[in-house]
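Q: model the structure of this input:
(chains A and B)
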Amino acid sequence: MSEEKLPESHGSAGEVADHGDPFADPGLPAHEPRRTDIDERAAKRAERQVSLMFVISMLATVGFIASYVAIDPDKIVYIFPLGHVSALNFALGMTLGVALFLIGAGAVHWARTLMSDVEMPAERHPIEADDEVRADVIQQFRTGAAESGFGRRKMIRNTLIGSMALVPLSGVVLLRDLGPLPEKKLKDTGWKEATPQKPLQLINMSTNSPMTADDIVIGSLTFAMPQGLHTHDEDFQQRIAKDALMLVRIAPEDIKDDTSKELGFQGILAYSKICTHVGCPISLYEQQTHHALCPCHQSTFDLADGARVIFGPAGHPLPQLKITTDEKGFLVATGDFDEPVGPSYWERAR
Amino acid sequence: MSSASSTTSGAAKPASTRANPANKWEAAADWTDGRLGIYSLAKANLRKIFPDHWSFMLGEICLYSFIIIIMTGVYLTLFFKPSMGEVIYNGSYVPLKGISMSEAYASTMDISFEIRGGLLIRQIHHWAALVFVAAMLVHMMRVFFTGAFRKPREINWVFGFLLLILGMFDGFFGYSLPDDLLSGTGIRFMEGALLATPLVGTYLQMFLFGGEFPGHDIVPRFFTIHVLLIPGIMLGLLVAHLILVFYHKHTQWAGPGKTEKNVVGMPLMPVYMAKAGGFFFLVFGIIAAISAIASINPIWAYGPYRPDQVSTDAQPDWYMGFSEGLIRVMPGWEISVWGGHTLNLGVFIPLMVVFPLVLVAIGAYPFIEGWITGDKREHHILDRPRNAPVRTALGAAWISLYLVLLIGGGNDLFATHLHLSLNAITYFVRVGFFAVPVITFIVTKRWCLGLQRRDKEKVLHGRETGVIKRLPHGEFVEVHAQLPQQDLYKLTAHEQIQPVELPAQRDENGVARKAGVFTRTRAKLSRGFYGEGSQIPKPTAEEHHEITSGHGHH
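A: Down below sits the predicted model:
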């Protein structure tokens, strides 16, 4: 490489004579050639590098197709440090990744080393039109508006605006049948079937059978649903979203709230499992303190004190279900919750 | 045209007035031009100049990840069944065999385990969505902190803002579709937010869910919204966004030869075709590799949704995390109004008031700043963030608020990983919500002013050379070297806006004139933005001359 081709020999690029203003714009700096611009061997090397990337990309695509055909979807392999992963997912993803990445890397390398890197200016034009065009357009618009009589015939204009404002309401009204009206739906739960004459048994969610009081030990948390509800029912999801119950047994002398104690049976208290904040199921229980915590937003309820909120964003206690036992000794409910379960809403009476 | 006379003569064919094309490609181009007018289109755009700066690629990442999402999304719709019909799972994932679940969940399981490559495409789709929202946020920060949103680009800021909001919500609908335990919990969260709306809450809930929670309609409805409604609007906005970028031409940093009236860079063909086109493959390749390595949203580990079950650390994707933070740290205020009605402020304020307010404030920012400055000129040269200290500090304060709420949204993870009390984190976030943005604002503004002072110092006194000189009387000094002209220009090219002044108290006839509330507020805000405490005066040519011409300067 001859000396005069090296960037340094181009003089201090961009410097202009001082016109008295030290902060004047010196203008575009002169172009500095890259190594590949002046050294044919470097240019050839860059060309080979770009092609190599494209060739590896081709091989990776072949590898992708081979992986798709050859690897069993169920095969699990151990790859450090990822752990046990699906072999097919890993092979497909890596080959696809390499195939795509190297096309990109090749193209960018090509642009950076071999295509021209001479910066050049292009003119900008103001976005705003000049005054002549502006005046012309406004004149044309005025002519059009005058011909329509839009400004003169105010009655037409106002009724048009009125009709345009109202017509979108049709679209809103058509959305009415997206769903039923709320009515009292959010207030009732599946426990409303229970009456003192025809009580509903509490079915243990894990054993799927009714429970006696002795099945619930002090300090345990048991989940229950109403008798007659089955997991394969058509409306199971909708019903369990309101009916889910958690049973806790607390030594009667530890129960601080008398009303709560009366609703329970021998220290067994039945609370709604649905958090009164936004409706997540409550599932974390601390035996020693009788606190139940919702894992979604950490509302904490004191189950020994009428499920009062002691921390977190919930606004009111968990509803409690009155329970007793039937003649066979099974735990039953004799009515619905005394207030709506789940998150609160406008029509909910406090 | 004298076509009447050219009937048989070969010399005067009426077919084309063009010179003979050099090859078949030119001929093809001629043919197309005759129908579509491509030459006039290409004339302005083929060698269109693009300025170069690494941060200009952030917008490209948004565009490319959006394309990746659409391509993988189409693939997924070929296999996904957006239905809540109950089926018994009998696929190859043993732990869930025999379990009853929705068709939506079962088909997502099939995509993950039975369809070869399905898991990869699902992962690419989800990862690209995360990259998309993250890139939009960072791209927006770039535009914000450099002042690129100023006239004439305010409308494009609004388009970009709407794309971010729609992207966030489409992400939310998207991860709700598989109907797994985590996504169902997210939908329940939305139900709670709807129910907290005064007057119409229960109606909104019934109409969205087609009945009581969860009902049978939610997945098919969300599917249509997720794949058709929102992406359709986004595609339109995206095209408008790009047309405006093209029309306005790109902004550029101040530098030698760069003015408000030109754009300096390299042409679209070939450099940016190769660079930008290649960059699409780089983004796609990296997302594909991440998807091969890092598992995201493993729905098989969560299980199908049941309203009475939940997993711990149930969290939305990070971009919705600030709403989760808002709702976790808000005290549970519920008040009774008009006897028998419940106003659930604890959910209503964070999700239906603060959440939209935070977003709308961002969308409206260019108009607010434009009103305060009263600047009606076009801007194409970017601001260095330090030269707009109040704007930069506002941006930093907003980011700090976002991060505080993100800590609130992941308070359980912070508690378990850092061994902290969950209650303590919550109380910290409650205080931090108000305090941290204010502190961040003050610190950032001072930091910017410090950097401005440093720039001024550099311009006037030059760069430290590290050469120590001993003066005749024994004093040691460090020699400072003058900056080259380009650097002097770069450091002094920014303009300094003067605050809007109140009109004189008395007009020219001496009659008292009272400024309205708006005018006074505006003058006050303007002083806050550009007053004495908010910018360091630029070095003047005289100051520079005085320092550099004196004897014994160093």
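
Q: what is the burial count for the residue nearest to B:Ala512 when sequence neighbours are not counted?
A: Of all residues not flanking B:Ala512 in the chain, B:Arg506 sits nearest, at 5.7 Å (C-beta to C-beta, 6 or more residues apart in numbering or on different chains). For every residue, glycine as well, the C-beta is placed using N, CA and C. When neighbours are defined as other C-beta atoms under 10 Å in any protein chain shown, B:Arg506 has 10 of them.

Q: quick one: contacts for residue 265?
A: Using chain A here. Counting by C-beta atoms under 8 Å, 6 or more residues apart in numbering or on different chains, A:Phe265 touches A:213, A:323-325, A:331.

Q: looking at chain B here, not the other one
A: With C-beta under 8 Å, 6+ apart, B:Gly265 has these contacts: A:119-120, B:49-52, B:250, B:252.

Q: for chain A, give me its nearest residue in the stretch 1-150 of chain B.
A: For the stretch 1-150 of chain B and chain A, the shortest gap (C-beta to the nearest C-beta) falls at B:Ile49, measuring 3.9 Å.

Q: grab the nearest non-local neighbour of that residue.
A: Spatial nearest neighbour of B:Ile49, excluding adjacent residues (C-beta to C-beta, 6+ apart): A:Ala122 at 3.9 Å.

Q: what about the closest residue to B:Glu334 other than its chain neighbours, how many neighbours?
A: Of all residues not flanking B:Glu334 in the chain, A:Gly315 sits nearest, at 3.3 Å (C-beta to C-beta, 6+ apart). Other residues lying near A:Gly315 total 24 when counted by other C-beta under 10 Å.

Q: would TSV of the contacts of B:Gly265 with distance to B:Leu405 and neighbour count be doable?
A: Formatted as TSV, these follow (distance: C-beta to C-beta, whole Å; neighbours: other C-beta atoms under 10 Å in any protein chain shown):
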residue	distance to B:Leu405	neighbour count
A:Glu119	43	17
A:Met120	46	15
B:Ile49	41	21
B:Phe50	37	19
B:Pro51	35	22
B:Asp52	36	17
B:His250	33	18
B:Gln252	35	24
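
Q: and the two most separated of these?
A: Spatial extent of these (C-beta to C-beta) is set by the pair A:Met120 and B:His250 at 14.0 Å.

Q: ok, back up a step: and the contacts of B:Gly265, which is closest to A:Glu347?
A: Of all the contacts of B:Gly265, B:His250 has the smallest distance to A:Glu347: 54.3 Å, by C-beta to C-beta.

Q: part of a strand, is the closest one?
A: No - under DSSP: H, G, I helix; E, B strand; the rest coil, B:His250 falls outside any strand and is assigned coil.

Q: quick check, it in contact with B:Val263.
A: Yes - counting by C-beta atoms under 8 Å, B:His250 touches B:Val263, with 6.2 Å between them.

Q: pLDDT weak spots in chain B?
A: B:1-17, B:550-554 (pLDDT under 70).

Q: the longest helix in it is where?
A: Assignment by DSSP state H gives helix B:422-461 as the longest helix of chain B.

Q: then chain A?
A: helix A:40-70.

Q: and the next helix or strand past that one?
A: strand A:76-79 (DSSP states H and E).

Q: could you pull up the mean pLDDT of that next one?
A: Strand A:76-79 carries an average pLDDT of 94.

Q: how about it, does it get close to chain B?
A: No - for strand A:76-79, no contact with chain B is found by C-beta under 8 Å from any C-beta of the partner chain; the gap never falls below 8.7 Å.

Q: who are the packing partners of that strand?
A: strand A:83-86, helix A:87-113 (3 or more C-beta pairs under 8 Å, 6 or more residues apart in numbering or on different chains; DSSP states H and E).

Q: three-state assignment of the residue nearest the centre of chain A?
A: Nearest residue to the geometric centre of chain A (C-alpha atoms, centre = their mean): A:Cys296, 13.9 Å. Following three-state DSSP, we place A:Cys296 in the coil state.

Q: and it, what does it touch?
A: By C-beta under 8 Å, 6+ apart, the neighbours of A:Cys296 are A:275, A:277-278, A:280, B:185, B:189, B:310, B:314.

Q: what's the answer for A:Glu234, then?
A: Neighbour list for A:Glu234: B:Glu86 [criterion: C-beta under 8 Å, 6+ apart].

Q: and what of A:Cys280?
A: Contacts of A:Cys280 were listed using C-beta under 8 Å, 6+ apart, and they are A:274, A:294-297, B:185, B:188-189, B:310, B:314.
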